[in-house]
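Predicted coordinates and the sequence they were generated for:
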Amino acid sequence: MNEQEARQLTGRRRELLDVLPGLRRFALSLTGNAAAADDLLHDTVQRVLKRGLPIEAELMPWCIRVCRHIRIGHAREAERDDPGSDAVIGRGHAQSTVDATLAKLPDEQRAVLELVAGEGHSYSMAAAILDIPIGRVMSRLARARSVLIEHCAPEWQAPPARKAANHE
Amino acid sequence: MSDAQQELDDEILSVCHDGELPPTEAEAVRRRLAREPELAERLCAMQYVDDAAAGAFRGLDRKPVPARTLELLHAAEAEHRQRQLESASVVPLRQPVAAQRRRLFRWPVAIAASAALGVGFAAGALLPDDVRSDAGKTAGQHSCERGPASRSDVP
């Protein structure tokens, strides 16, 4: 959308346009796949426009919550249609080792990683958005980072022998 | 190092990396980092994978937001403007300001009338007895004078 088209939007619709890129990245963090992320983004915008949002609510956290609920709903539907299928995640378009590893992470770890490392949200904000305790944000983030280090930065993995020697 | 210890270290490092550790604990981690190069390397690795992950998520920004999603916003904007136009063209049946003004006038008038009535009764009660009896007699005379006359009118 060019600037002139964007100027035609007012109020919440304009604000929604501004948060679309961040919301899209969050959708990607949930789906692990660009096409599925765009579908999820579309559904989220549609629902927010249709149902509106409470006056006191902040737009981005609210949209993220809606996005997450829709994603959970989609995953449940897909699971009901084809139990045990991993295709619901829409994985398999990995471009690199990082993408591939990110795609293999559980959705909830990827979402926390995106909110904190990607969007720069604080732990308390991420916890509020995802409606989980701060402790869970910490543990999910640490686990996600450990897996990423293991797969994407093996040179930083200290060899077990060296580790053991250091602790003797 | 056991897996559990590694996991604990990773969690502490991760929190420290995000600047969310309380100052005293952060200081303790900093001392450990100075002592243990492996831990410092691990922290660097966290920064590296964070950047890589953020880059992977931001890769999507290079592609434009799908047109169908933007159309949703434009359709909502058009609908909003239509609603505004419709609400602007409706003429209210009663002028709200005039109605409010009328409502405001009602109370003082009622209060003034009640006060006048009260003053009238009070004045009547406070009148000296002779004035009141004179007034009573005059009223009685008038009624007696008029009474038979009015009765005689009756066929």
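Cool, the structure landed.

which ones are touching the nearest residue to residue B:14 once chain neighbours are set aside?
Of all residues not flanking residue B:14 in the chain, residue A:142 sits nearest, at 4.1 Å (Cβ to Cβ, 6 or more residues apart in numbering or on different chains). In short, each C-beta sits where N, CA and C put it, glycine included. Listed by Cβ atoms under 8 Å, 6 or more residues apart in numbering or on different chains, the contact partners of residue A:142 are B:7, B:10, B:11, B:13, B:14, B:15.

and whichever residue of chain B sits closest to chain A, what pLDDT?
Residue of chain B nearest chain A, by Cβ to the nearest Cβ: residue B:45 (3.4 Å). Note for residue B:45: predicted pLDDT of 90.

in what helix or strand does the residue nearest to residue B:14 lie?
Assigned by DSSP states H and E, residue A:142 belongs to helix A:134-152.

Next, the buried residues of that helix.
Buried positions in helix A:134-152, judged by neighbour count with 16 or more other Cβ atoms under 10 Å in any protein chain shown: A:137-149, A:151-152.

Next: stretch A:13-30.
Buried, per 16+ other Cβ under 10 Å, within stretch A:13-30: A:13, A:16-17, A:19-20, A:22-30.

ok, and of the residues you listed, which contact chain B?
A:13, A:16, A:17, A:20, A:24, A:25, A:28, A:29 (Cβ under 8 Å from any Cβ of the partner chain).

quick one: which two of these are the most distant?
Greatest spacing in these, by Cβ to Cβ: A:13 and A:29 (24.4 Å).

Measure how far the helix holding residue A:142 is from the centre of its chain, please.
How far helix A:134-152 lies from its chain's middle: 14 Å, per Cα atoms, centre = their mean, to the nearest Å.

And for stretch A:32-46?
On Cα atoms, centre = their mean, the centre of stretch A:32-46 falls 11 Å from that of its chain.

can you dump the C-alpha coordinates of it into CSV?
Extracted in CSV, the C-alpha atoms of stretch A:32-46 (Å, rounded to 0.1, in the frame of the first residue of the first chain):
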residue,chain,number,x,y,z
GLY,A,32,6.5,-21.2,10.8
ASN,A,33,5.4,-20.6,7.3
ALA,A,34,4.9,-17.4,5.2
ALA,A,35,1.8,-18.4,3.3
ALA,A,36,0.1,-19.7,6.5
ALA,A,37,1.2,-16.5,8.3
ASP,A,38,-0.5,-14.4,5.7
ASP,A,39,-3.7,-16.4,6.0
LEU,A,40,-3.6,-16.0,9.7
LEU,A,41,-3.0,-12.3,9.4
HIS,A,42,-6.0,-12.0,7.1
ASP,A,43,-8.3,-13.8,9.5
THR,A,44,-7.0,-11.8,12.4
VAL,A,45,-7.6,-8.4,10.7
GLN,A,46,-11.1,-9.6,9.6
